[in-house]
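Peer 1: This is the structure alone, sequence omitted:
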Ligand SMILES: Nc1ncnc2c1ncn2[C@@H]1O[C@H](COP(=O)(O)OP(=O)(O)O)[C@@H](O)[C@H]1O
Ligand SMILES: O=P(O)(O)OC[C@H](O)CO
């Protein structure tokens, strides 16, 4: 593997990593990203802050490459998906704050569409469920709110997910493109015909003129502008972060699955060349490589995972940082009957309820902050169990082990709890930055310096967490979780 750079623009931070010829991470830079919550249920990011954070990270790892005299063969971009940006074509100026994937402001719109019986048709074309999570209703909201419909019709504005925004600005406005995995999350892309879908554009009221050109996940996405970075480097890979993580975990065969624990948690299972389907589960595009058929995946999406820990810190002041949660939660044997459903942005798989809200239940005089911390870790694991059970029903298979990655997998206790509640081993690889690694791999393929066989051989195990919970205890805990979920459903309706 030649030198490659990955850009990982996540919900809470922007990062860049320089990888060496053996796939080793040589330098990493990161910049935090401000979360804006203008109203309950709304979440926004500043597009310029996304770009600036990413540029400063890129400059830092490029300096490291220069010190080594390394020439970078390609940049791979991976990103928080669905988050919706609108900017001026001429200047690249953002015309609204980015509406983040977690944002629930269009819940009433998707609810109305469900009432009109549109869900089956949307699902058939996109593999997705009618939920404010996806980009389509967010785009229409911005066009209406910011009075941009006439400009949109005149072709003066661009829509893009974060990959598209970064590519546009990094190439100096030369490329308005996106990759096929990100396109598959907009709810405007037909995952069977592999094109923007006129009927969906009509249903959601989105003009075709604002959409980017769709490319495969490895190949040419343009070159960085020398004015911005002092050098031209080809951008040769792009994929949504969950798809990039599936690729980085080398889940190349149908039935292989990974769970990424970041802000949210996302369980994604490779299902090969044909789209899968199932109750409460998403069907989505895994990747498309040059000379190969499109690969599909099933996905269980959990909106709040690591973010529940963040809330313990920022919302409650219970801990001084995410790293403290393991010690606090580990200071008690269990949650003492406390359950926490972190439906802070509604619930995703398998409930799909944008009106669900957070619930803490089962408190007694003996409950303390350690029990709540423990309940938060349990909640991440319970939600993952819910998602995996739904996917197993959909795919008709039983998962024999789960590969995990992402920021929260530093937490050994979380992974022990996860293995116990799931009842199968949980495998943590040496590199838990699978998202970033996956983007570098895609860039390597796009630059013609890497192939899937080499990638498959590079996966190595750090630690295997065996399930240690007795089946009766597991069932008892799960019943408590289910009771608490019922309390949270429909709360904000
Ligand atoms: N030791 C830990 N235990 C539990 N959660 C953690 C721990 N360390 C980080 N996290 C959580 O992981 C998330 C950050 O992971 P990351 O993969 O960087 O997320 P993203 O890509 O969504 O920005 C945060 O929500 C943070 O609270
Ligand atoms: O930023 P992350 O890693 O939590 O990922 C966000 C997902 O892509 C949303 O679909």
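Peer 2: That came through, no problem. Please read all numbers here as calculations on a predicted model, not as lab measurements. Numbering: from 1, shown residues only. Ligands and ions are numbered 1, 2, ... in the order given.

Peer 1: for the stretch 251-400 of the chain, what spans make up the helices?
Peer 2: Assigned by DSSP state H, counting those that start in this stretch, the stretch 251-400 of the chain shows helices spanning 306-314, 325-330, 369-395.

Peer 1: Would you mind saying which of those helices lies nearest residue 431?
Peer 2: For these, the distance to residue 431 is smallest for helix 306-314, at 18.0 Å, taking Cβ to Cβ. From N, CA and C alone the C-beta is placed, and that goes for glycine too.

Peer 1: so that closest one versus helix 369-395, what angle?
Peer 2: Counting by axes from the mean of the first three to the mean of the last three Cα atoms, to 10 degrees, helix 306-314 points 170 degrees away from the direction of helix 369-395.

Peer 1: which residues sit against helix 306-314?
Peer 2: The contact list for helix 306-314, computed with Cβ atoms under 8 Å, 6 or more residues apart in numbering, reads 11-12, 261-265, 304, 318-322, 325, 340, 342, 344, 372-373, 376-377, 379-380, 406-408.

Peer 1: on that earlier part again, would you format the helices of the stretch 251-400 of the chain as a markdown table with mean neighbour count and distance to residue 35 included?
Peer 2: What follows is the helices of the stretch 251-400 of the chain, written out as a markdown table (neighbours: other Cβ atoms under 10 Å; distance: least, Cβ to Cβ, whole Å):
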| stretch | mean neighbour count | distance to residue 35 |
| --- | --- | --- |
| helix 306-314 | 22 | 9 |
| helix 325-330 | 20 | 19 |
| helix 369-395 | 23 | 18 |
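
Peer 1: between these, which one is nearest to ligand 1?
Peer 2: Nearest of these to ligand 1, taken as Cβ to the nearest ligand atom: helix 306-314 at 2.6 Å.

Peer 1: Please enumerate residues in contact with stretch 463-480?
Peer 2: With Cβ under 8 Å, 6+ apart as the test, stretch 463-480 has contacts from 337, 339, 362, 378, 382, 385, 412, 415-416, 418-428.

Peer 1: What subset of the residues you listed is buried?
Peer 2: Among these, those classed as buried by 16 or more other Cβ atoms under 10 Å are 339, 362, 378, 382, 385, 415-416, 418-422, 424, 426-428.

Peer 1: So which of the residues you listed belong to strands?
Peer 2: Residues of the buried ones among the contacts of stretch 463-480 located in strands (DSSP state E): 339, 426, 427, 428.

Peer 1: Show me the beta-bridge partners of the first one.
Peer 2: Under the criterion DSSP bridges, residue 339 forms beta bridges with residue 361.

Peer 1: isn't it right next to residue 377, touching?
Peer 2: No - Residue 339 lies out of contact with residue 377 (Cβ atoms under 8 Å); the separation is 12.0 Å.

Peer 1: which element is the nearest residue to residue 157 once chain neighbours are set aside on?
Peer 2: Spatial nearest neighbour of residue 157, chain neighbours left out: residue 151 (5.2 Å); criterion: Cβ to Cβ, 6 or more residues apart in numbering. Residue 151 is located in helix 149-153, with elements delineated by DSSP states H and E.

Peer 1: Could you tell me the average pLDDT over that helix, please?
Peer 2: Average pLDDT, helix 149-153: 94.

Peer 1: repeat for stretch 198-210
Peer 2: Average pLDDT, stretch 198-210: 96.

Peer 1: Spatially nearest residue to residue 211 (excluding sequence neighbours)?
Peer 2: Excluding the flanking residues, the one nearest residue 211 by Cβ to Cβ, 6+ apart is residue 196, at 5.6 Å.

Peer 1: Contact residues of this structure facing ligand 1?
Peer 2: For the chain, the residues in contact with ligand 1 (Cβ under 6 Å from any ligand atom) are 10-13, 262-263, 306-307, 309-310, 322-323, 325-326, 406-408, 410-411, 414.

Peer 1: try it again with 8 Å
Peer 2: 8, 10-13, 15, 33, 80, 241, 260-264, 305-310, 313, 322-323, 325-326, 377, 380, 406-408, 410-411, 414, 435 (Cβ under 8 Å from any ligand atom).

Peer 1: Which ones, among the residues you listed, also lie beside ligand 2?
Peer 2: 10-12, 80, 241, 260, 262-264, 305-307, 406, 435.

Peer 1: For ChimeraX, what selects the buried ones among those?
Peer 2: Remark: buried members of those, expressed as a ChimeraX selection using 16+ other Cβ under 10 Å:
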select :10,11,12,80,241,260,262,263,264,305,306,307,406,435
